[in-house]
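In: would you be able to build a 3D model of this:
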Amino acid sequence: MAAKPRTMATLLHISARPVRPLISLDTALPPTRCRRRLLDILPAMSSPLTPRVELPRRSAEQRREALAQANQVRTQRALLKTDLKRGSVSITALIADPPPYLASAKVVELLRALPGYGPITATRLLERCHVSPTKSVEGLTERQRAELIRTLGT
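Out: Reported below is the predicted structural model:
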């Protein structure tokens, strides 16, 4: 038996069918006591009772200064990475005593700037030293810093 050809009318009829929810919202909610406890635990995301906090407005001059400082940090980091690639700067010295512009840089970025360190090698080294791949240079603990210096020094 041949299948019935679908016309525009049958397609519209199929797509116009109301969709039933899998569960009813009225029966899916926990008991009132549990609901109140959940509302106490969960923060109100956009409640009319939650006051809106206004962010401080920056002047055009403040924005220009912040942009200039950010560009300067990016330039210094780029120069440092090229020096690391050339081998003219020691990464162990940088990790031991990082300059201020390197404070918020990720450790994995510095490792990837070294010759022979790609994403996989850098990640494996960080795992061996128990350092998160998202850790910044400033956020390293003394133990992590010592472990990285010891591992990279060999």
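In: what sits closest to P98 if chain neighbours are left out?
Out: Spatially, and ignoring its direct neighbours in sequence, P98 is nearest to V137 (4.7 Å; CB to CB, 6 or more residues apart in numbering). The way it works is simple: take the backbone N, C-alpha and C, and place the C-beta from them, glycine included.
In: surely that neighbour touches L111?
Out: No. With contacts counted by CB atoms under 8 Å, V137 stays clear of L111, the gap being 10.8 Å.
In: the more surrounded of those two?
Out: Shown here are V137 and L111; by other CB atoms under 10 Å, L111 has more neighbours (23 against 19).
In: tell me the confidence at the residue nearest to P98?
Out: Looking at V137, its pLDDT reads 95.
In: what's the average pLDDT for stretch 66-79?
Out: 96.
In: which residues are in contact with it?
Out: R58, P99, Y101, L102, A105, E109 (CB atoms under 8 Å, 6 or more residues apart in numbering).
In: now the fourth one. Nearest residue, chain neighbours left out?
Out: Once its chain neighbours are removed from consideration, L102 has its nearest residue in V137; the separation is 5.3 Å (CB to CB, 6+ apart).
In: tell me the contacts of the one you found?
Out: Counting by CB under 8 Å, 6+ apart, V137 has contacts L94, I95, P98, L102, A103, S104, A105, K106, V107, L110.
In: coming back round to it: just the buried ones from the contacts of stretch 66-79?
Out: L102, A105 (16 or more other CB atoms under 10 Å).
In: looking at the contacts of stretch 66-79, which one is closest to T121?
Out: E109 (13.7 Å; CB to CB).
In: pull out the buried residues from the top helix by length along the chain.
Out: In the chain, taking DSSP state H as the definition, the longest helix is helix 60-86. Neighbour counts using 16+ other CB under 10 Å place V73, R77, L80, K81, L84 of helix 60-86 among the buried residues.
In: one more: stretch 90-107?
Out: I91, L94, I95, P98, L102, A105, K106, V107.
In: just the CA trace of that stretch, in CSV.
Out: Extracted C-alpha coordinates of stretch 90-107, given in CSV (Å, rounded to 0.1, in the frame of the first residue of the first chain):
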residue,chain,number,x,y,z
SER,A,90,63.9,32.4,32.3
ILE,A,91,60.4,31.2,33.1
THR,A,92,61.5,30.0,36.5
ALA,A,93,62.6,33.6,37.4
LEU,A,94,59.2,34.9,36.2
ILE,A,95,57.2,32.4,38.2
ALA,A,96,59.4,33.0,41.3
ASP,A,97,59.1,36.8,41.1
PRO,A,98,56.5,37.9,38.5
PRO,A,99,56.4,41.6,37.3
PRO,A,100,53.1,43.5,38.0
TYR,A,101,51.9,43.2,34.4
LEU,A,102,52.1,39.4,34.6
ALA,A,103,50.0,39.1,37.7
SER,A,104,46.7,38.3,36.0
ALA,A,105,48.2,36.3,33.1
LYS,A,106,47.4,32.6,33.0
VAL,A,107,50.2,30.2,33.8
